[in-house]
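>>> build the 3D model from these lines:
(one chain, ligands or ions: 1)
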Amino acid sequence: MSDRLMRVINFNAGPAALPLPALEQARDELLDFRGTGMSIMEHSHRGKAYEAVHQEASALLGKLLNLPATHQVLFLTGGASTQFALVPLNFLSPGRSADYVLTGGWSEKALDEAKLVGSTRVAASTRLADGRYTRVPSQAEVQLDSSAAYVHTTSNNTLFGTQFHAWLDTGAVPHVCDMSSDFLWRPTDLSRFHLVYAGAQKNLGPSGVVVVVVRRDWLQAARTDIPKIFRYATHAETDSLYNTPPTFAIYLVRNVLQWIDREGGLGAMEARNRAKADALYGALDARSGFYTAPVERGSRSVMNIVFRTPSEALDAKLVAQAEKAGLVGLKGHRLTGGLRASTYNAVSLQDVETLVSFLASFAQANG
Ligand SMILES: *Cc1c(COP(=O)(O)O)cnc(C)c1O
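You can find the predicted model right below:
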């Protein structure tokens, strides 16, 4: 079997590459989870076997992030898009206003949902006239409303390949952050945030589960006149077991977290991710007559590297040739066009080096 296993190098933006050991563990345990005679999917979410997995996933996240007791981990469904609505439903009370920092397509969507719930303000936007974003704003460009219910930011912009490398100072205003595409890329002090959310399918696991890290005392300030299922407090009080959670997705997240832990934790992830991004941006910059990387240097994402060749025809040719060479997922987002390599935790430095030599040969042959 194993000699026939053909794994490609996967640069998909999401769902994205998962660490092979996490998948192998799932394969080995699929039919019989630890001698119980059934898969983890077939266990009751209230039974001992699943409960241990659930608690371990939560505890590992706490350990890797060095999470203070002030904050709680939740595993929810509905993806990051549902949090776009749940955040204002819970925290944007009548008479209040929320600030949004626009840095890409996902933050625009988050704002659109909040507008349906209450009053909002754009505290900063780096949107260009043509709709693209090529940088994140500096602190000085952000005009915060000191009485806002919260400020919403997006740490990494998956579509346009920009990323905050320093956190905005939001003063006394609660900071809410969508970290879907760079969660766990490096050690991160989450205690400065009131709420962080991340859909798993980028850097954390399969689709179907979204992780929320919320400050416990903020939950007291949340609205209670909304359906129970939409209240963060409901899920916090029940340890994310109010209703049936996505058990298999959480199990896979647990496997990925164990892998990160074995690899040396978030410090090791950061060193690897920086080396990967340096190698890739270095290769693009070295051939700047052929490849264009549109994002300003100070805002370049370590997770989603966006670039293009001199023409759309060459972009398409590159994607097709790369696929033949076992390098998949390099086509840019449908809104932005061009090319994008997503180099999440599960993509190795060796994978990126393979891409770097492919890009060098392609430029040589077509430049
Ligand atoms: C992918 C993504 C989303 C949307 O996630 P869904 O799980 O599809 O709802 C939101 N925000 C960011 C930053 C993303 O990368």
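
>>> what residues does the stretch 201-350 of the chain put near the ligand?
residue 202 (Cβ under 6 Å from any ligand atom). For the C-beta atoms, the positions are set from N, CA and C on the backbone; glycine is no exception.

>>> mind listing the strands for the stretch 201-350 of the chain?
210-215, 304-307, 327-328, 339-342 (DSSP state E, counting those that start in this stretch).

>>> got these as JSON lines, with mean neighbour count and distance to residue 168 columns?
Formatted as JSON lines, the strands of the stretch 201-350 of the chain follow (neighbours: other Cβ atoms under 10 Å; distance: least, Cβ to Cβ, whole Å):
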{"stretch": "strand 210-215", "mean neighbour count": "24", "distance to residue 168": "17"}
{"stretch": "strand 304-307", "mean neighbour count": "26", "distance to residue 168": "20"}
{"stretch": "strand 327-328", "mean neighbour count": "18", "distance to residue 168": "35"}
{"stretch": "strand 339-342", "mean neighbour count": "26", "distance to residue 168": "24"}
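
>>> in a markdown table: those strands, plus mean pLDDT and distance to residue 32.
Output for these, formatted as a markdown table (pLDDT from 0 to 100; distance: least, Cβ to Cβ, whole Å):
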| stretch | mean pLDDT | distance to residue 32 |
| --- | --- | --- |
| strand 210-215 | 98 | 28 |
| strand 304-307 | 98 | 38 |
| strand 327-328 | 98 | 32 |
| strand 339-342 | 98 | 34 |
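
>>> closest to residue 314 out of those strands?
Evaluated over the strands of the stretch 201-350 of the chain, closeness to residue 314 peaks at strand 339-342, with 9.7 Å, by Cβ to Cβ.

>>> which secondary structure elements does the closest one contact?
Secondary-structure packing of strand 339-342 (3 or more Cβ pairs under 8 Å, 6 or more residues apart in numbering; DSSP states H and E): strand 304-307, helix 312-324.

>>> thinking again about what came up before, tabulate the strands of the stretch 201-350 of the chain (CSV), appending distance to residue 152.
Formatted as CSV, these follow (distance: least, Cβ to Cβ, whole Å):
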stretch, distance to residue 152
strand 210-215, 14
strand 304-307, 20
strand 327-328, 33
strand 339-342, 23
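
>>> residue in the stretch 1-150 of the chain nearest to the ligand?
residue 79 (2.5 Å; Cβ to the nearest ligand atom).

>>> can you tell me how far that residue is from residue 202?
As judged by Cβ to Cβ, to the nearest Å, residue 79 and residue 202 stand 11 Å apart.

>>> those two: which is more packed in?
More crowded of residue 79 and residue 202, by other Cβ atoms under 10 Å: residue 202, with 28 against 18.

>>> hang on, that one packs against residue 184?
No - the criterion here is Cβ atoms under 8 Å, and residue 202 misses it with residue 184 at 9.9 Å.

>>> any chance of TSV for the helices and strands packed on strand 339-342, columns distance to residue 155?
Formatted as TSV, the helices and strands packed on strand 339-342 follow (distance: least, Cβ to Cβ, whole Å):
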stretch	distance to residue 155
strand 304-307	12
helix 312-324	27
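
>>> who touches stretch 16-33?
With Cβ atoms under 8 Å, 6 or more residues apart in numbering as the contact definition, stretch 16-33 has outside contacts at 7, 10-11, 38-40, 43, 49, 201-203, 205-206, 251-252, 255-256, 258-259, 262, 329, 342, 344-347.

>>> now which of those residues would you call buried?
10-11, 39-40, 43, 49, 201-203, 205-206, 251-252, 255-256, 258-259, 329, 342, 344-347 (16 or more other Cβ atoms under 10 Å).
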